[in-house]
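Colleague: Show me how the following folds:
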Amino acid sequence: MRELINIIESYSIINEKSRGLLYREKGDRFFKGDRNNPTEALIFDNAQYFPGQPPGKPGAYESSEEMLTAYQELEKQIGNITPVNQHNKSTKAFALLTLIDETTKQPVYYARFFQQIFPDMAGAWKNSDLDNYQLDKKTSLKASYKLKPSDLFPGNARFSSIGALWDTLQNSSAAKPYLPGLSMLFESNPEFPIFAGMGDQETAIRDDLGEIIGPIALIQNMDMGTGAKAADKDLNDSRGWGGSSLSFPSGKTNGLVDSYFTTPSGVEIGVSSKGESGATASVKNIADGITYVRTKGSPDQKKLLNTYKDQIEIIDAIGTAGSIDFPINYGIEYGLISPEAADYIRQLIKYGAKSLEEYPSDDDNVTNEVQALIDAKGADTSRSNYNVGFHALASLAREVANTINSDPKFGEACLKFLNSSPIIQLHMYVKKLKDDSVEVTKFISKYPPNFQGTVGLDPSKNYSSTMAGGRMSFAYHGKDAGFKDDETKEPEPIVSKAKFTATAADIVNPKRKSEKEKPKVGGVGRELRSRKAK
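Modeller: Reported below is the predicted structural model:
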């Protein structure tokens with residue numbers, strides 16, 4: 001499942017991946033080569049911004065030349081700095097990482113150039129963008145093993161049977177080390193797998209490879225717990241899942257569902273292998289629940305269709321309107337943007353403009369309105385495919401999502417229909433044996449699904465400064481999707497705080513450093529237009 005950035009007022013609750021390098025903790029370790037015997041290792045010390053983060057607005061030097069002068073002066077004072085990207089005319093700020101070489105105990109410096117420094121820089125510098133160093137965290141190392149379905153199969157892989165899936169696995173070089181364990185699932189009397197000598201991969205096997213193991217075990221009619229039995233009775237007349245076809249759709253389209261299997265009678269069931277706190281749901285997950293209530297729901301369930309009529313209209317619009325049309329149409333409806341500014345954003349996207357100056361508007365009010373959106377959201381303008389129109393659209397999408405999410409009935413509707421979907425929730429349990437093997441011990445299943453917590457719109461996955469990559473997603477925030485066993489819980493989310501904003505003198509004289517309160521981000525849309533007009 002995919003991780004989420006959830007910005008709440010002046011703090012960000014973010015996971016290891018989404019907070020990036022600028023929000024690391026002192027002592028975090030990065031390595032090259034073997035984790036236990038690395039060729040190189042660095043220890044994170046601090047992150048600093050130049051020229052800083054003025055409260056409530058971005059920080060930048062007056063020109064790229066002034067920024068470069070400050071960078072070169074800093075390098076004279078502290079020694080060699082390794083930049084991870086190239087500066088250009090649009091980059092007017094930079095961030096500096098200070099790390100300590102694990103062997104020599106000497107500081108090592110890395111820099112990244114930005115157009116400007118925003119009040120929230122979470123995710124602006126990715127963990128993977130550090131000279132091929134690997135973050136030494138379980139959640140980061142897990143991805144490096146590449147055990148998710150998208151790593152082992154082609155995108156949107158479909159299999160007519162689990163036998164066809166096994167044939168594909170046998171021909172996959174990436175799957176080869178895991179075949180002895182996986183083969184146990186395909187025997188005439190299938191058993192849960194044991195993976196010899198893979199203790200280091202315990203988490204990756206549980207969370208990622210488990211997305212493949214779970215549906216195979218279901219189709220093999222293994223003991224998957226009471227939820228799977230209830231789903232078979234309710235959805236399949238207790239005929240068992242044998243003979244089902246299986247598919248692993250793309251995450252952007254299907255959110256909390258990792259796989260689907262379709263019974264010989266044509267019933268399609270989603271499998272949520274691990275509904276994590278902070279995962280991303282999709283409009284399909286929720287729309288499937290609405291469809292189920294409309295066609296097969298009980299009288300009490302059908303009452304939901306009237307109770308949440310307005311909210312269903314928005315959900316339907318997300319599923320039918322284009323990725324550009326939805327935030328623009330609702331932005332106009334909610335008064336977050338004028339029709340003229342909306343048209344300007346469309347033109348900027350169409351012409352691939354990298355700045356407002358490259359494709360100027362004749363109306364200063366329109367320019368100010370779109371500029372306010374751009375200023376409200378950070379972006380890496382040095383990327384070759386940066387588009388200022390997509391940048392403004394991503395900011396607008398965030399404001400539209402915030403406005404819709406402010407209606408408490410919207411979140412209620414999403415959660416109720418999500419829990420009405422034909423989805424089986426699975427948790428796979430593993431244990432590490434004394435011989436360093438990893439054994440799959442059991443599954444716990446839930447049906448109907450029991451996603452507990454809140455659901456709301458989250459544009460961060462599909463809207464960026466380079467594209468509108470799909471329909472708006474839904475952020476799911478819950479307590480491990482209703483599962484209570486501590487063995488399956490992820491680490492608690494980390495509350496990020498603003499980093500110290502520095503000058504060159506601060507590095508030379510470290511006693512000057514002091515923590516500052518994280519500034520709140522101002523609004524956008526008509527509110528900012530009125531401010532600029534004054």
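
Colleague: Please count neighbours and contacts with C-alpha atoms only from this point.
Modeller: Fine.

Colleague: Which of the residues in the host helix or strand of Lys303 are classified as buried?
Modeller: Secondary structure assigned from DSSP states H and E places Lys303 in helix 299-307. Within helix 299-307, the residues scored as buried using 16 or more other Cα atoms under 10 Å are 301-302, 304-305.

Colleague: export the residues you listed to CSV and tack on distance to Ser445 and pLDDT?
Modeller: Converted to CSV, the buried residues of helix 299-307 look like this (distance: Cα to Cα, whole Å; pLDDT from 0 to 100):
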residue, distance to Ser445, pLDDT
Gln301, 23, 90
Lys302, 26, 93
Leu304, 26, 95
Leu305, 28, 96
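
Colleague: Of the residues you listed, which pair is most distant in space?
Modeller: Gln301 and Leu305 (7.7 Å; Cα to Cα).

Colleague: joint contacts of the two?
Modeller: Val293 (Cα atoms under 8 Å, 6 or more residues apart in numbering).

Colleague: Let me know the distance separating the closest residue to Thr91 other than its chain neighbours from Val84.
Modeller: Among residues not flanking Thr91 along the chain, Gln115 sits closest, at 4.0 Å (Cα to Cα, 6 or more residues apart in numbering). Counting by Cα to Cα, to the nearest Å, the separation of Gln115 from Val84 is 15 Å.

Colleague: Give me the more crowded residue out of these two.
Modeller: For Gln115 and Val84, the more surrounded residue by other Cα atoms under 10 Å is Gln115, and the numbers stand at 23 against 14.

Colleague: if we can go back for a sec, next helix or strand past the helix holding Lys303?
Modeller: Helix 299-307 is succeeded, C-terminally, by helix 309-320 (DSSP H and E).

Colleague: what does that next one rub up against?
Modeller: 283-284, 287, 305, 326, 409-410, 413, 471-472.

Colleague: same thing with stretch 282-292?
Modeller: Contacts of stretch 282-292 (Cα under 8 Å, 6+ apart): 252-257, 305, 315-316, 318-319, 414-415, 417-422, 471-474.

Colleague: So for stretch 180-198, what gets flagged as buried?
Modeller: For stretch 180-198, the neighbour count (16+ other Cα under 10 Å) marks 181-183, 185-186, 191-196, 198 as buried.

Colleague: which SSE is Ile100 in?
Modeller: Residue-wise, Ile100 maps onto strand 93-101 under DSSP H and E.

Colleague: cool, and Arg294?
Modeller: Per DSSP H and E, Arg294 falls inside helix 283-296.

Colleague: now the angle from that helix to helix 309-320?
Modeller: Helix 283-296 and helix 309-320 are oriented at 120 degrees to each other (axes from the mean of the first three to the mean of the last three Cα atoms, to 10 degrees).

Colleague: Would you mind listing the buried residues in helix 283-296?
Modeller: By neighbour count on 16+ other Cα under 10 Å, the buried set for helix 283-296 is 283-293.

Colleague: How about stretch 160-177?
Modeller: Buried residues in stretch 160-177 (16+ other Cα under 10 Å): 161-162, 165-166, 169, 174-175.

Colleague: quick one: contacts of it?
Modeller: 151-153, 159, 179, 186, 216, 219, 243-246.

Colleague: so where do the helices sit in the stretch 101-250 of the chain?
Modeller: Here the stretch 101-250 of the chain has its helices, by DSSP state H, counting those that start in this stretch, at 138-144, 149-152, 162-170, 179-182, 202-204, 210-219, 226-236.

Colleague: residue at max distance from the center of the protein?
Modeller: Using Cα atoms, centre = their mean, the residue of the chain lying farthest from its centre is Ser188. It sits 39.1 Å away.

Colleague: Show me what Gln48 bridges to in the sheet.
Modeller: As for beta bridges, Gln48 partners with Leu96 under DSSP bridges.

Colleague: what number of residues lie near it?
Modeller: 21.

Colleague: again, but for Ser265
Modeller: Count around Ser265 with other Cα under 10 Å applied: 10.

Colleague: Check the gap between it and Gly163 for me.
Modeller: From Ser265 to Gly163 the distance is 19 Å (Cα to Cα).

Colleague: How about Arg346?
Modeller: Following Cα to Cα, the distance that separates Arg346 from Gly163 is 48 Å.

Colleague: sorry, back to before: redo the helices of the stretch 101-250 of the chain as a markdown table? Include mean pLDDT and distance to Asp120.
Modeller: A markdown table is the format used below for the helices of the stretch 101-250 of the chain (pLDDT from 0 to 100; distance: least, Cα to Cα, whole Å):
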| stretch | mean pLDDT | distance to Asp120 |
| --- | --- | --- |
| helix 138-144 | 67 | 22 |
| helix 149-152 | 89 | 31 |
| helix 162-170 | 95 | 43 |
| helix 179-182 | 96 | 44 |
| helix 202-204 | 89 | 30 |
| helix 210-219 | 96 | 33 |
| helix 226-236 | 93 | 42 |
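
Colleague: Adding distance to Pro119, write these out as TSV.
Modeller: Listed next are the helices of the stretch 101-250 of the chain as TSV, based on distance: least, Cα to Cα, whole Å:
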stretch	distance to Pro119
helix 138-144	25
helix 149-152	35
helix 162-170	46
helix 179-182	47
helix 202-204	34
helix 210-219	37
helix 226-236	45
